[in-house]
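**Student:** Need coordinates for the following:
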Amino acid sequence: MSKKNESLGKTVGVVLALCLVCSIVVSGAAIGLKPMQERNAALAMQENILDAAGIYEKGMDVPAIYKERIQPLVVSLEDYQVMQDINPADFDNRKAAGDPERSTKLAKSEDPAGLGSREDMTEVYLIKGEDGATNGAVLHIRGQGLWGTMYGLIALEDDFNTVKGVTFYEHSETPGLGGEITNPAWVKTWQGKELYGDDGKVQFDLVKGGASGEHEVDALSGATLTSNGVDALIQFWMGNDAYGPLLDKLRKGELTNG
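**Tutor:** Sure thing, here's the model as predicted:
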C-alpha cells in the first residue's frame, strides 16, 4: 500500500510540476507577444480608418499613409474641446467607455443604441487632403445588434454631413443576414447619403423595400434587429448626446487640431 501511495504521490508531483512549467511558458509567451499584438491591433485600426475614409488600397504602406493623411485627436464629449494633454496613441475608446470615472451612465430613455454608458472623451480622426487641409473626419460608432455589440467607423465629407464611407470591423451578427453589415456592396450604398435634414436633426434612416431618398439606405434583408441596431446607433452617435455638437464645431472651423 505504501508503495502505491508513494507512486501516486510521485505521479501527482510530476503532473503539478508540468502544469507549473506550462503555465510559466504560456504566461511568458503571452507577455512576450503582447507588444506585437498591440502593434497589430493598432495597424488594423489604421487600416480600418483609411478604409472608411476611402483612402485604403491593398498593398499600401498603411502607417506612412495614415501619418500623412490622418490627424488623430482626443476630444471631450462634454465641452467638445481637444484634449491637448492626451496622446491619441495612448487613448482607448473601449477602456474609457468601460471606466466609470471616464464615462457617463446613460438612462434607458437616452440610450437607443443599448450602450449602457458613453465615454466622456473620444478619438476623432481628421482627414487631410494632399494640400494638408481638413476635408472630412472619421468617427467611432457602436451599438447593440442581435447578438452583441457592433463596432464601426463612419467617415464624413468636409460638410460633416455627407457620408464618405462606413465600415463595421467587429460584430457577432449572423453570417448571411446581419453579418452583411460588412458586405462591400451594402456599405457602398451609404456613400453620398446625408445624416441631417435642413432642420439640423438626424434624418438618416434604414428603410425596407428600396431606399430612394438622400437620407435613406436599404435595411438588411432578413435582419430586422441588426438593421434596427444600426439605425439606432446612428441616431445616438450623430445626435446631441454624442457627436452632434462636435460636428457643428467642425463645420464652423472652431475645432483646432493643435
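
**Student:** And the helices in the stretch 1-150 of the chain?
**Tutor:** All helices of the stretch 1-150 of the chain, identified by DSSP state H, counting those that start in this stretch, fall at 2-52, 62-69, 93-97.

**Student:** and the second one, which residues are buried?
**Tutor:** Pointing back at helix 62-69 there. Residues 62, 65-66, 69 are the ones in helix 62-69 that count as buried (16 or more other Cβ atoms under 10 Å). Every residue, glycine included, has its C-beta placed from N, CA and C.

**Student:** can I get the residues you listed in JSON lines with pLDDT and distance to residue 152?
**Tutor:** Shown next, in JSON lines, are these (pLDDT from 0 to 100; distance: Cβ to Cβ, whole Å):
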{"residue": "62", "pLDDT": "96", "distance to residue 152": "19"}
{"residue": "65", "pLDDT": "96", "distance to residue 152": "21"}
{"residue": "66", "pLDDT": "97", "distance to residue 152": "18"}
{"residue": "69", "pLDDT": "96", "distance to residue 152": "20"}
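
**Student:** Can you tell me which of those is nearest residue 192?
**Tutor:** Nearest to residue 192 out of those is residue 69 (Cβ to Cβ; 20.6 Å).

**Student:** Show the contacting residues for the closest one.
**Tutor:** Each residue near residue 69 by Cβ atoms under 8 Å, 6 or more residues apart in numbering is listed here: 50, 53, 55, 127-128.

**Student:** now with 6 Å?
**Tutor:** 55, 128 (Cβ atoms under 6 Å, 6 or more residues apart in numbering).

**Student:** who's in contact with the helix or strand hosting residue 185?
**Tutor:** Counting by DSSP states H and E, the element that carries residue 185 is helix 184-188. Residues external to helix 184-188 that are found in contact with it (Cβ under 6 Å, 6+ apart): 166, 180.

**Student:** switch the cut-off to 10 Å
**Tutor:** 51-52, 152, 165-168, 180-181, 217-221 (Cβ atoms under 10 Å, 6 or more residues apart in numbering).

**Student:** and what of stretch 218-228?
**Tutor:** In contact with stretch 218-228 (Cβ under 10 Å, 6+ apart) are residues 112, 143-147, 150, 168, 171, 173-174, 176-181, 183, 186, 189, 205-212, 217, 229-231.

**Student:** ok now that stretch, how far from the chain's centre?
**Tutor:** Counting by Cα atoms, centre = their mean, to the nearest Å, stretch 218-228 is centred 20 Å from the centre of its parent chain.

**Student:** again with stretch 63-73
**Tutor:** Per Cα atoms, centre = their mean, the centroid offset for stretch 63-73 relative to its chain is 17 Å.

**Student:** Tell me where the model's unsure across the stretch 151-258 of the chain.
**Tutor:** The model of the stretch 151-258 of the chain has pLDDT under 70 over residues 256-258.

**Student:** same thing but 90
**Tutor:** Along the stretch 151-258 of the chain, segments meeting pLDDT under 90 span 209-212, 254-258.

**Student:** ranges for the helices of it?
**Tutor:** For the stretch 151-258 of the chain, the helices defined by DSSP H, counting those that start in this stretch occupy 184-188, 224-237, 244-251.

**Student:** now for these, which one comes closest to residue 97?
**Tutor:** Across the helices of the stretch 151-258 of the chain, closest to residue 97 is helix 224-237 (Cβ to Cβ), at 12.3 Å.
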